[in-house]
Structures are given as structure tokens and as C-alpha cells.
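*Asks:* With the sequence up front, the predicted model follows.
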Amino acid sequence: MGIIEITLGLLLAVALVGAIGKWLPVPLPLLQVGAGVALSYLPPFGALSVPPEVFFLLFIPPLLFAEAWVIPKRDLIGVLRPVLLLAFGLVLFTVLAVGYLLHWLLPELPLAAAFALGAVVSPTDAVAVSAVTGKLRIPARVTMIVNGESLINDASGLVAFKFATAAVVTGVFSWHEAALQFFALSGGGFLLGLAVAWTIGRLRAHLARFCIDDPTIQTVISVLTPYAAYLASEALGLGSILAVVAAGLYAGVDDSRHLDAPTRTHAWEVWRMLTYAFNGLVFILLGVQLHSVIAGIPQTSAFGLALLALSVAAVVIALRIMWVFPAAYLPIWLFRRIREREGTRDPREVFLVGWAGIRGSVTLAAALSIPLVTASGAPFPFRELIILLAASVIVITLVVNGLTLPWVIRWLRFRGDGTAEREERAARLATAQAAAAAIRQELPRLTKPAERDYAKALIDEYELRIQHDSANAERRHQVEAVRDTERRLRLAALRAERDELMQLRESDVINDEVLRIIQSDLDHVESLVAGSGRRAT
């Protein structure tokens, strides 16, 4: 079986496991790892090996870019202090603690290689956390801290990982030079990423100005943006990870301002599909490669491996709990300005942030990107063991933290603070008022009775929206009950239109082109009707 057939098989597995995950109360990444293990028993997949540099280049840029693209920028700035403490302080703490612990347990393992494992397991995974907490109500601040930390600690952890692996490969390492290079290369990479995203944004704007605003062309350029930032920073020897993050942050703001509605819709659907497929492929590849990784570790008992893996995972979980409480309370106790600005922190929220440290796709992508050989041509020391321990940390945090996180949220009696709902309702109220006011301004210019009737009907529709969004909870529920009936009737009417359209096609009254044109119109209307239903719920 060739690489094309294997790739198609992996994508099919991603789709099938995703479908199964809709019916099972198990985190999707855990199911994907299990599917990968099952696939590894099939000969074509068991021998699968992805070159490290290809794996890192293929998966890391789009995953990081997508996270940075969608993260709320205002909310990220609001929690930047705790996010930076976690993304840099906790990452460094984890790298040092895990590195020295592993070197103490396995003295034959070079310290730099042990630090590489610490760097690999330091980034958390927002996708895995959101897969668990997506339907649970938790405070918006906790969600933002966890997501923001995951975005930035991907960058800091991977930069630390590159320094550690470079030390193993070259045999040379200096803390002083590493610190200087870290800040110089990271800052340079961040600025370069902004520059690349700005340049591509201007290119897309010029294309649109010359009437080349086709959503497909614009989306292809969007997909290429993270790779452009990554490759440009690699060519200049700068921090490629932060370059991708910076490009994603800039593109998230720029796209929302300058892209038209069809392009935004098309880009969003394409990116959602890509990130889903790439995350699924990463976790399935984790399961697929577990067999070969374990087989590559010589003269080690299964019990010893399991004990070592459990020890590393337990330390990673404990280090996070140990870090979050001092990081949350010491700045408040020591600095009056922080205390006055942020107030006190609920210990339940602090613990939840500590318990939400699930590892995922970035950890695995980094582990699998470890070089095969050093500069001298010798095999990278304990490469298979490092990958196995990284994979074990992913699986154990998915099982221990991921499966228990919903229970912990209920045990701590979180109800959610309703911040997102209040902001959404206020925005809908403001936009409806603006729309009604704009139509009222146009009324004096309308001379035909039909035009005036239509304008008044539009005003009435917006007035209903204003009443709904400004009403209390009980009144909103009453209005929503009426809207549910209206929505059900409209969907029934659309189904009747579709049935009649298919009858016309089957009886050769219309051809396929006419069918597609009218189907597209019906799809658009149905998406609006169904979308309003999802927002209401």
C-alpha cells in the first residue's frame, strides 16, 4: 500500500472515529489514539514512519495559526498577566523539573535530552480541553486563560524544545547564550510573523480591489499564510513558532475587518475542516506509532516502562497544580495595583485552571519531530523512549484530567458567569436598533406604496428583535417558543420546496444546472433559519 492509500485510510479513520465520538461520552482525542493503536496491527500502517521535519512543518503551522486566528484578542489582553506566567514561567518550571527528574531516574540519559522531554510535555492543548468542556458552563475568565496559555505556551515550549534538541545534536549548550537567543529570536520571529501577515493582507486587499475577490482564491492564500510565516522565519533563523502565532493573531483581526461575507464564510469552513482533520491525524498517528516506539526501546521491562511513564505524567500534573496557586495569589498579595485592578481570585477557578492541563497534538508533533541522528551521525539518544513518555503523558492527561474534568466542574458547582451571553445580547440589541434607525431614515425617500410597506415590515421585524433582546429571561423564553414554531414551519416549507425541486429534476422538467442554482438558494435560506435556532439554544 502506497503513501496515498495510507493517507486516505488515515483520513477515513478520522471521519469514522469522529462519527463514533458523537455517541460515546469519551474525549475524542482518546478515541483517536485508540483507533491509531488498532490500525497499527494492520501491516501497511504498522510500518508507517513520518520524517520528523515533515511532521513538524506539516502540522504545527496550521494548528497554531488557527488557534491564534480565532482567539478573542480583547479577552486575551485582559488575562495576559496570568497567561504569561503560565506560558513562560510554568513552561520553564516544567522543563527544568521534568528534565532533572528524568536525568536522576536515568543517569545514562543526557540532561539536554531530558530537557527536550520536559519541553515537549510542557505545552497544553486547548482543542483537547474544549472537546471536554465545550458543553459545560465555566467562567469565561478560566476559558480564556486556558486557551491563551495553550496558544502562547505552544510557542514557548517549542522554542525551548528546539534549544534542547539543538544541544543534543551539536553537543554544545550555554544557558547565557540560550537566554539571549530565546528573547532575540522569539522577538524577531514575532515581528516577522506580523510583517508576513500584514504583507499577505495587503496582497489580498489588492486582489479584491482588482475584482479578484473569489472566496476560493482568498482562502487558498489564507491557508498558505502560516506556512509562509514559518518558512520565512526558518530561512532567517528566527523563532518560527512565534512567527506563526503572530501571523494568526494579526490575520484574525485583519480578516474580520476587510474580508467580505462569502470569503469569511468559505475560509471559516475550510479552516474548521483542516484543523479537525489535522488534529485527528496527529492523535491517530500517535496510536499508530506506539507499537514501533515501544519495539525500539531495548531491554526494558513493560512494568519499568509503565512505572516511568506514570511517574513523569504524575510529576507533570503535580507541577501544574503546584504552580497555579502561587502564580495566582502572590502577585495580588505583593502588588497593590494588581490587587486593585483584578481583585481576589476564587480558589475554585484557580484549581480548575490547574486541572485543565491536558496535553495533545502539539506535544506529539514536537516529540515525533525529534531528529533521528545527531551532528556526529550517531542516533539521537533515547529518542524512542522520549516519544513513548510524551505519548504516555498525552494519554494519561486525557484519561485522568480529561475524563474527570466534567465531574470536577460539577463538583466545584460552576454555573458560568454569562459574560458571553450578555455581550451577545447587547450586540444584537445595538445592531437591531441601528438597522431600524437606518430604515426609518430611508422611509421619506420611498414614494411607492409597496416600497414603504416593505420598509415598515422590516422595521417591525427589527422591533421584534429589539423587544426580544431587551426583555427579561421569562419574556425571552416566550418569544423563543414562538420563534421555534416559526422556524419549524419555515423548515417544513423548505423541505417541501426541495421535494418538489427533486420531482421536477427526476421528471426532466429542469436540468442539473437549474437544480444546483435553486438548491444553493434553498441551502442559504436554510442555513440562516437553522443558524438562528442554534443561537437561540
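*Replies:* Yep, it's here.
*Asks:* Tell me who's in contact with Val17.
*Replies:* Shown in contact with Val17 (C-beta atoms under 8 Å, 6 or more residues apart in numbering): 28, 31-32, 35, 280, 284. C-beta: built from backbone N, CA, C; applies to glycine.
*Asks:* May I see the buried residues of stretch 221-231?
*Replies:* Neighbour counts over stretch 221-231 (16 or more other C-beta atoms under 10 Å) mark 222, 225-231 as buried.
*Asks:* Can you list phi and psi of Val373 for me?
*Replies:* phi -140, psi 160 (degrees, to the nearest 10).
*Asks:* all strands of the stretch 101-250 of the chain, in order?
*Replies:* Assigned strands in the stretch 101-250 of the chain: none (criterion: DSSP state E, counting those that start in this stretch).
*Asks:* in it, what spans have low per-residue confidence?
*Replies:* 126-136, 171-181 (pLDDT under 70).
*Asks:* Could you rerun that using 80?
*Replies:* 125-140, 154-155, 158-159, 162-163, 166-167, 169-186, 208-213, 239 (pLDDT under 80).
*Asks:* before we move on, what about the stretch 401-537 of the chain?
*Replies:* In the stretch 401-537 of the chain (pLDDT under 80), the answer is 414-421, 424, 468-483, 528-537.
*Asks:* Please apply the same query to the stretch 251-400 of the chain.
*Replies:* 261, 286, 289-303, 339-344, 361-362, 364-365, 368, 375-376.
*Asks:* 50 - rerun?
*Replies:* Scanning the stretch 251-400 of the chain for pLDDT under 50 picks out no residues.
*Asks:* sorry, back to before: between the buried residues of stretch 221-231, which is closest to Ala164?
*Replies:* Lowest distance from Ala164 to these (C-beta to C-beta) belongs to Tyr230, with 19.7 Å.
*Asks:* Settle this for me: that closest one is touching Ala246, isn't it.
*Replies:* No: with contact defined as C-beta atoms under 8 Å, Tyr230 does not reach Ala246; the gap is 11.2 Å.
*Asks:* and which of the contacts of Val17 is nearest to Val312?
*Replies:* Nearest member of the contacts of Val17 to Val312, counting by C-beta to C-beta, is Gln32, at 21.8 Å.
*Asks:* Mind listing residues that contact the helix or strand in which that closest one is found?
*Replies:* Assigned by DSSP states H and E, Gln32 belongs to helix 28-39. Outside helix 28-39, the residues that touch it by C-beta under 8 Å, 6+ apart are 9-10, 13-14, 16-18, 20-21, 24, 45, 125, 127-128, 131, 279-280, 283-291, 360-361, 394-395, 398-399, 402-403.
*Asks:* In helices only, show me the residues you listed.
*Replies:* If you go by DSSP state H, these have 9-10, 13-14, 16-18, 20-21, 45, 127-128, 131, 279-280, 283-291, 361, 394-395, 403 in helices.
*Asks:* Please spell out the ChimeraX selection for the buried subset of these.
*Replies:* Of those, the buried ones can be selected in ChimeraX as follows, counting by 16+ other C-beta under 10 Å:
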select :9,10,13,14,17,21,45,127,128,131,279,280,283,284,285,286,287,288,289,290,291,361,394,395
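*Asks:* picking up where we left off before, quick check, distance from the helix holding Gln32 to the centre of its chain.
*Replies:* 19 Å (C-alpha atoms, centre = their mean, to the nearest Å).
*Asks:* For that helix, buried residues please.
*Replies:* In helix 28-39, counting by 16+ other C-beta under 10 Å, buried: 28-37, 39.
*Asks:* closest to Arg81 among these?
*Replies:* Looking across the buried residues of helix 28-39 and measuring by C-beta to C-beta, the closest to Arg81 is Pro29, at 29.5 Å.
*Asks:* Quick check: closest non-adjacent residue to Gly248.
*Replies:* Ala68 (2.7 Å; C-beta to C-beta, 6 or more residues apart in numbering).
*Asks:* Tell me which helix or strand comes right after whichever strand or helix holds that neighbour.
*Replies:* Using DSSP H and E, Ala68 falls within helix 52-70. Next in sequence after helix 52-70, counting helices and strands by DSSP H and E, comes helix 73-78.
*Asks:* Show me what that next one is packed up against.
*Replies:* helix 140-170, helix 240-258 (3 or more C-beta pairs under 8 Å, 6 or more residues apart in numbering; DSSP states H and E).
*Asks:* Thank you, goodbye.
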